[in-house]
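Enquirer: Fold the stuff below for me.
(chains A and B)
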Amino acid sequence: MSNMGKRLTGMKRSTRTSMATYGMVILAYIVIQLIRGLRDGGVGPLLEGQLIPICAYVTMALALNLVVGISGELSLGHAGFMSIGAFAGCSMAMGLESVIPAAPLRLAAAMVFGAAVAAVLGFLIGIPVLRLNGDYLAIVTLAFGEIIKGVVTNIYLGLDSAGLHFSFLTNGNELLDGGKELIKGPVGVMNSERISTFTAGFILVMIALIVIFNLVNSRTGRAIMAARDNRIAAESVGISVTKYKMIAFATSAALAGAAGTLYGCSQVTFVATKFDFNTSILILVFVVLGGLGNMWGSVIAAAALTILPEALRQFQDYRMLVYAIVLILVMLATNNPTLQSFFARLFRRGGDDDDAAPRKGKLSRKEAAR
Amino acid sequence: MKKLLAMLMAVAMCFTLLTACGNSSDTPAETGSAPAETGDNTGETPADGTAFKLGGTGPLTGGASIYGLAAQRGAQIAVDEIREAGGDIQFDLRYEDDVHVAETAVNAYNTLKGWGMQISLGSVTSTPGIATSALNYEDRIFALTPSASSPDVIEGKDNVYQMCFSDPNQGLASAQYIYEQGLGESVYIIWKNDDIYSTGIKDQFMAEAEALGLNVVGDSTFTEDTQNDFTVQLTDAQQKGADLIFLPMYYQPASLILTQADQMGYEPKFFGVDGMDGILTMEGFDATLAEGVMLLTPFNADATDEATVAFVTKYQDLYGETPNQFAADAYDCVYALKQALETAGCTPDMSNEELCNALMEVFPTITFTGLTGDGQGITWDSTGAVSKAPKGMVIENGAYVGMD
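Expert: Next up, the predicted model:
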């Protein structure tokens, strides 16, 4: 045991943080699965219904944190990538219904497809966008998010034995018998089957964490952060700023796309207008509250802030007001220097067991919400 | 970068705060007592197991809250009346807020399920209605929705019933009505293309207009984000010589269309659907602009029959405004459920599944007479669709007047 402890303290700080984050997510998963399996009634119908959206929002927060925290660019259109992933992935899942009967496999295929489409789109959008920086980039991503919403709202996609049918603005698809409408314009997607599972969500969060930590702690990641910290200095030593920003942006878009597929396949129905500016801001709130560049913070913030509005239902009509007040108080508290130094001291005193603190934080918040 | 971020967050948060404030503050301001509170008070009166637990979701806050609040209040009045009258069938009503978003509606539904809901009033609006009705179907909780009018809400779900007309039926009835009454020579349609309700009505209207030979001179669209200005659409309608504009939409954008048409000096006839209901009580809207607007709605608050007068008086006393058709539909839902439960001989100690089976058997057989529909009574077929006659209304002197 002491050997283990020594190895933990001997580890690089970045490795320790990533191990702690993995541990926290795995522990949360195991605890929730145990409660679901052993307790009568599981975690209760409300939380049960929220488990998959929580995983999707956590992945979204991680993806956005890669862009905002690590790459240092403010993206206000990330809900757009989620939307693309949700629509592309769910269409794929429904289209493959007869080809791949096993739901988990179909979900995996759909997620890969959703991620790929979002990544390609992220790349294409990134070409003009990443030549800008700061405020300009924020505004342009905002515009792209709105464009995606506007376009997807008008797509009609149908599938029958003759192949795919596509029309725009009005529904001109005439499907043969047995054909199904995959995307129905403003009506959005109506899933024939909800194939997302909590386990799939957990795996996606883990994959997102692995991808992000490995990227950040690699040569590429250091180049991305160098470009963030000082663009001119980075360029002077031969780092192609646009290229590295593009890597971060496209990776983030792919993860957001996969999160979108997970989310979409967990809902009975969803519409394009769900993924609007407000959703982008909501995800940004997760990231800022959790701390820029702080992955475990994003995980906790996303989970807590998804549960919070529902946990506040006893306030009835004042629910969102209380939510906003809580948010402001938490923001103030986490940025209070006295509290920060208190927590810093607490962690240092914890010594080599410092990974236990975030775990405990996560669980107690969930517990409270329940 | 950091400054920008900080400022953006501050703006975003102020915005959330303000919208939250605005929404939550108008309830007590106009009513004096929040309806949810009355729900709580009365909810404590019956002991557990002596009343049916009736739950519903609707937008109680946010842009569509006028519908959710109306439905909640209408249902609450019915529940209170039944309690005062006494009897074996009693209800315990609980409404949860879904802000007109499918995901939140699922959460609201799950909250109600955790509370022990036995019978559901579904959702008030269509998109959330599609989501919650699928869960109603899976959990075998019988649902009778007052106003989620999309056909997708009941399609393929044997235990979900509607109290309102479906969207296509409204489009159909509107086209027939305009044609039969000879209301317009050249019709122009303004519709919202990111909304199920609006597209559903418009598609069927177009199809029926073509079949009847009604002259549709053009149409134009708007979305959630572009509903702040309609001069382009109105100018287009004017240039195409439209003398009747069909407005398949909710009352907020419609109010702006009426205002802007007035400013332009353009005076065609306006024909709306049941979403137009509520325009007269809208804050900040000059109700005189709505003079002469026609709409199809199942409910007439000016009707002189005893039941309607009693309901309207009670609603006005409690909430200080005239009830719209959403309130009437929800009121009818509670009484229809009561009638069905009596017919089936159900007791509150039955499980939701037993109740579901009993109600599914009874509902297609009953004929219900309520506030909505004409005197013929309301019936349902086994798919869950309602059959009742719409009433053509015209706004005169700030009130609805029957057109026939």
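Enquirer: Give me the neighbour count for B:Tyr137.
Expert: Under the neighbour criterion other CB atoms under 10 Å in any protein chain shown, B:Tyr137 is assigned a count of 18. C-beta here means a position set from N, CA and C on the backbone, and glycine is covered the same way.
Enquirer: residues contacting it?
Expert: Residues touching B:Tyr137, when contacts are defined by CB atoms under 8 Å, 6 or more residues apart in numbering or on different chains, comprise B:156-160.
Enquirer: Shouldn't it be within a helix?
Expert: Yes: read with DSSP: H, G, I helix; E, B strand; the rest coil, B:Tyr137 is one of the residues of a helix.
Enquirer: Which other helices and strands does the helix or strand hosting B:Ala71 contact?
Expert: Secondary structure here is read from DSSP states H and E; on that basis B:Ala71 sits in helix B:65-85. Contact here means 3 or more CB pairs under 8 Å, 6 or more residues apart in numbering or on different chains; DSSP states H and E; on that basis helix B:65-85 packs against helix B:35-44, strand B:52-58, strand B:91-97, helix B:306-319, helix B:325-344.
Enquirer: Can you list the residue ranges for helices in the stretch 201-350 of chain A?
Expert: Counting by DSSP state H, counting those that start in this stretch, one finds helices in the stretch 201-350 of chain A at the ranges A:219-229, A:231-236, A:241-264, A:277-290, A:295-311, A:319-334, A:337-349.
Enquirer: scratch that, the stretch 201-350 of chain B
Expert: Listed in chain order, the helices of the stretch 201-350 of chain B (DSSP H, counting those that start in this stretch) span residues B:231-239, B:251-264, B:306-319, B:325-344.
Enquirer: measure the closest residue in space to B:Asn324 that isn't next to it in sequence to B:Ala330 for me?
Expert: For B:Asn324, the nearest residue in space outside its immediate sequence neighbours is B:Asp277; the separation is 4.4 Å by CB to CB, 6 or more residues apart in numbering or on different chains. B:Asp277 sits 13 Å away from B:Ala330, going by CB to CB, to the nearest Å.
Enquirer: out of the two, which sits in the more crowded spot?
Expert: Comparing B:Asp277 with B:Ala330 by other CB under 10 Å, the one with more neighbours is B:Ala330, at 32 against 28.
Enquirer: residues contacting the more buried one?
Expert: Applying CB under 8 Å, 6+ apart, we find B:Ala330 in contact with B:56, B:70-75, B:78, B:121, B:124, B:146-147, B:163.
Enquirer: what residues does the helix or strand harbouring B:Asn357 touch?
Expert: For B:Asn357, the element it lies in under DSSP H and E is helix B:352-362. The contact list for helix B:352-362, computed with CB under 8 Å, 6+ apart, reads B:52, B:117-119, B:139-142, B:158-159, B:337, B:340-341, B:343-346, B:350.
Enquirer: Following the chain onward from it, which element is next?
Expert: Heading C-terminal from helix B:352-362, the first helix or strand you meet, by DSSP H and E, is strand B:379-380.
Enquirer: Name the surrounding residues that touch that next one.
Expert: So strand B:379-380 is in contact with B:161, B:363-364, B:366-368, B:386-388, going by CB under 8 Å, 6+ apart.
Enquirer: 10 Å instead, please
Expert: B:144, B:154, B:161-163, B:336, B:340, B:363-368, B:373, B:385-388 (CB atoms under 10 Å, 6 or more residues apart in numbering or on different chains).
Enquirer: Any quick ChimeraX command for the buried ones out of those residues?
Expert: Selecting the buried subset of those in ChimeraX, with 16 or more other CB atoms under 10 Å in any protein chain shown as the burial test, is done by:
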select /B:144,154,161,162,163,336,340,363,366,368,373,385,386,388
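Enquirer: Setting aside sequence neighbours, what's the nearest residue to A:Asp177?
Expert: Residue nearest to A:Asp177 in three dimensions, not counting chain neighbours: A:Asp160, with 7.8 Å by CB to CB, 6+ apart.
Enquirer: quick one on the thing from earlier: going by mean pLDDT, which of the helices and strands packed on helix B:65-85 comes out lowest?
Expert: Mean pLDDT values for these show the minimum at helix B:35-44, a mean of 40.
Enquirer: for chain A, which spans come out with low pLDDT?
Expert: For chain A, the stretches with pLDDT under 70 are A:1-10, A:347-370.
Enquirer: actually chain B, not the one I wrote
Expert: Filtered on pLDDT under 70, chain B yields the residue ranges B:1-49, B:374-375, B:404.
Enquirer: just checking, what packs against the helix or strand harbouring A:Gly126?
Expert: Assignment of secondary structure by DSSP H and E places A:Gly126 within helix A:103-129. In this structure, helix A:103-129 packs against helix A:78-95, helix A:135-153, helix A:198-216, helix A:241-264, with contacts taken as 3 or more CB pairs under 10 Å, 6 or more residues apart in numbering or on different chains; DSSP states H and E.
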